[in-house]
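Undergrad: Attaching a predicted model along with its sequence, questions to come.
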Amino acid sequence: MLYRPAGGNQKAQGPVIMSEPHNPLFATAPPPGGQSRRTEPRHVWSEDQAPAVVVSDGQEARWARLRNLSRKGACVVLCRCSLPGETLLICLRCGAGTLDVDRSAHIVYADPQADGTWLIGCVFIQPLSDAELELVLRAINLRGW
């Protein structure tokens, strides 16, 4: 594993989502040459437009901000680090009269940010179907999260 210090060449994130203690841990290195291994299109939100989601590690549920989403995974901003290899439940709430979409996901990386938050990249254990992804995206657009 390779430690990537907060601040580095990454842009500082917006305000802290929750106040929890900063816990400096290690994050995995990017793929060789910085090349992406993604095979699915991602839907990306800026800091100020990032939808709120609930994330649970099985012991505690907490709010997070969704930075990007694809059928195969998601990236969320948390105030507490979770280690690569751990499993989280990401709860994507779609609103009244619709089904919520909850997915277990393995953490692939955890990058510390300059403001004390953590950028957590996850891969879903079971990918979202096209219909589930459309449902979540429609709910995000309607709510103006």
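TA: Now that the structure is in, tell me what you want to look at.
Undergrad: Is Arg138 located within a helix, as I assumed?
TA: Yes. Checked against DSSP: H, G, I helix; E, B strand; the rest coil, Arg138 lies within a helix.
Undergrad: And the next helix or strand past the helix or strand where Val53 lies?
TA: In this structure, Val53 is located in strand 52-56 according to DSSP states H and E. For strand 52-56, the succeeding helix or strand toward the C-terminus, using DSSP H and E, is strand 61-69.
Undergrad: Please write out the alpha-carbon positions of that next one in CSV.
TA: Presented in CSV, the C-alpha positions along strand 61-69 are these (Å, rounded to 0.1, in the frame of the first residue of the first chain):
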residue,chain,number,x,y,z
ALA,A,61,-24.8,4.2,9.7
ARG,A,62,-23.7,7.7,8.7
TRP,A,63,-24.3,10.3,6.0
ALA,A,64,-21.9,10.6,3.0
ARG,A,65,-21.8,12.5,-0.2
LEU,A,66,-21.9,10.6,-3.5
ARG,A,67,-19.2,11.9,-5.8
ASN,A,68,-19.7,9.4,-8.7
LEU,A,69,-21.8,6.4,-9.5
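Undergrad: Flag every buried residue along that strand.
TA: The neighbour-count check on strand 61-69 (16 or more other C-beta atoms under 10 Å) flags Ala64, Arg65, Leu66, Arg67, Leu69 as buried. All C-beta spots, glycine's among them, are computed from the backbone N, C-alpha and C.
Undergrad: before we move on, back to that, direction included, what does the strand holding Val53 pair against?
TA: strand 61-69 (antiparallel), strand 87-92 (antiparallel) (DSSP bridges).
Undergrad: With mean pLDDT and distance to Ala105 added, can I get those in JSON lines?
TA: Conversion of the strands paired with strand 52-56 to JSON lines gives the following (pLDDT from 0 to 100; distance: least, C-beta to C-beta, whole Å):
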{"stretch": "strand 61-69", "mean pLDDT": "93", "distance to Ala105": "11"}
{"stretch": "strand 87-92", "mean pLDDT": "93", "distance to Ala105": "5"}
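Undergrad: what would these look like in a markdown table with distance to Arg138?
TA: Compiled in a markdown table, the strands paired with strand 52-56 are given as follows (distance: least, C-beta to C-beta, whole Å):
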| stretch | distance to Arg138 |
| --- | --- |
| strand 61-69 | 13 |
| strand 87-92 | 11 |
